[in-house]
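In: structure for the following, please:
(one chain, ligands or ions: 1)
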Amino acid sequence: FSHGKPVLPGKTPVPGIKRIIAAGSGKGGVGKSTTAVNLALALQAEGLRVGLLDADLYGPSIPKLLALEGQPAIRDDGIFNPHDAFGLKVMSIGSMLAKDQAVVWRGPMATSALRQLLRETAWGDLDLLVVDLPPGTGDIQISLFQQTVVDGVIIVSTPQDLALIDAKKAIDMIRRFNVPLLGLVENMSYFIAPDTGTRYDIFGSGGAERAAADLKMPFLGAIPLVMSIREGSDAGTPPLVSAPGGAEATAYRAIGQQV
Ligand code: ADP
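Out: Numbers count the residues shown, from 1 in each chain. Prediction:
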């Protein structure tokens with residue numbers, strides 16, 4: 001069971017994990033992984049035991065975002081010991097690949113890699129596992145939704161129309177699988193010039209909030225385009241770690257409190 005909901009045939013819970021939420025997007029590069037990392041840390045800051053699974057098999061960025069070193073240890077029984085990053089239990093296919101090595105698997109291979117990462121990892125007892133999905137609507141999404149109960153998905157989009165058109169397709173897919181949509185996060189929402197404090201709505205303003213209303217789903221909040229988020233991502237120290245009381249960390253925590 002998961003949250004009292006019946007488990008559909010073919011769906012098996014992951015032992016020890018109470019709740020699974022996934023972060024999705026229509027397009028790449030909108031900040032889905034950055035949001036997934038900071039959301040996981042924000043939920044941990046609420047006192048939850050949190051894991052993070054990088055299921056973006058074709059473009060895993062979690063090892064960089066959290067400065068994971070090396071491969072996860074493998075126990076005698078073949079089960080992975082996840083990385084520990086700032087208290088999060090983390091698994092990423094990226095940790096298994098050589099630098100710049102591309103994943104060239106077809107669907108069934110990707111599906112079995114996802115199954116292994118999810119089920120052959122010693123997660124321990126977790127209140128919540130955050131899954132960073134690949135962008136779009138492909139094999140990994142289908143495989144995750146078919147093989148286990150996903151309690152909800154958050155969709156990350158930038159405000160401009162093109163990104164939102166793709167986000168709507170991802171939302172449509174999630175609805176077809178009857179997975180609850182927790183809401184939409186608008187990332188890179190606006191930019192505040194650090195020298196003058198002027199706000200620039202580079203990609204227009206309010207697009208994701210209007211789209212969320214059109215799609216009858218909650219709008220979870222807006223994260224501005226901030227240099228420190230990009231720098232923290234590159235350095236493996238997200239804002240929840242480097243400046244837990246700062247404006248960015250507060251914005252992610254406000255999103256975490258709604259999911
Ligand atoms: P995705 O997972 O959607 O492909 P990423 O999370 O990898 O996107 O983010 C893409 C790039 O944008 C990264 O360099 C990241 O540091 C940067 N980025 C993401 N969100 C923000 C933000 N709010 N402000 C500044 N840079 C950001």
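
In: which bits of the stretch 101-250 of the chain sit near the ligand?
Out: Taking C-beta under 6 Å from any ligand atom as the criterion, the stretch 101-250 of the chain approaches the ligand at residues N187, M188, I223, L225, V226, I229, R230, S233. Backbone N, C-alpha and C define where each C-beta goes, glycine included.

In: what about 8 Å?
Out: Within the stretch 101-250 of the chain, the positions near the ligand by C-beta under 8 Å from any ligand atom are 132, 135, 156, 187-189, 223-234, 248.

In: just the buried ones among those residues, please.
Out: Those of these that meet the buried threshold are 132, 135, 156, 187-189, 223-226, 228-229, 232-233, 248, by 16 or more other C-beta atoms under 10 Å.

In: how about low-confidence regions in the stretch 101-250 of the chain?
Out: Scanning the stretch 101-250 of the chain for pLDDT under 70 picks out nothing.

In: can you map out the helices along the stretch 1-150 of the chain?
Out: 32-45, 62-65, 107-119, 139-147 (DSSP state H, counting those that start in this stretch).

In: out of those helices, which is the most enclosed?
Out: Scoring those by mean neighbour count under mean count of other C-beta atoms under 10 Å gives helix 32-45 as the most buried, with a mean of 26.

In: avg pLDDT for that one?
Out: Model confidence over helix 32-45 averages 98 on the pLDDT scale.

In: dump the C-alpha coordinates for that helix into PDB.
Out: Written as PDB, here are the backbone C-alpha positions of helix 32-45 (Å, rounded to 0.1, in the frame of the first residue of the first chain):
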ATOM      1  CA  LYS A  32      14.400  20.000 -13.200                       C
ATOM      2  CA  SER A  33      17.400  18.400 -11.600                       C
ATOM      3  CA  THR A  34      18.300  21.500  -9.700                       C
ATOM      4  CA  THR A  35      14.800  21.700  -8.400                       C
ATOM      5  CA  ALA A  36      14.700  18.000  -7.500                       C
ATOM      6  CA  VAL A  37      18.000  18.300  -5.500                       C
ATOM      7  CA  ASN A  38      16.900  21.400  -3.600                       C
ATOM      8  CA  LEU A  39      13.400  20.000  -3.100                       C
ATOM      9  CA  ALA A  40      14.900  16.800  -1.600                       C
ATOM     10  CA  LEU A  41      17.100  18.900   0.700                       C
ATOM     11  CA  ALA A  42      14.100  21.200   1.600                       C
ATOM     12  CA  LEU A  43      12.000  18.200   2.600                       C
ATOM     13  CA  GLN A  44      14.900  16.800   4.600                       C
ATOM     14  CA  ALA A  45      15.100  20.200   6.400                       C
END
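
In: is the ligand within reach of it?
Out: Yes: when contact is scored as C-beta under 8 Å from any ligand atom, part of helix 32-45 falls within range of the ligand: K32, S33, T34, T35, A36, V37.

In: residues touching that helix, excluding its own?
Out: Under the criterion C-beta atoms under 8 Å, 6 or more residues apart in numbering, residues 23-25, 50-52, 54, 56, 61-62, 65-66, 86-88, 128, 130-133, 135, 154, 156, 185, 187, 223, 229, 233, 238-241, 244, 248-249, 252-253, 255-256, 259 lie in contact with helix 32-45.
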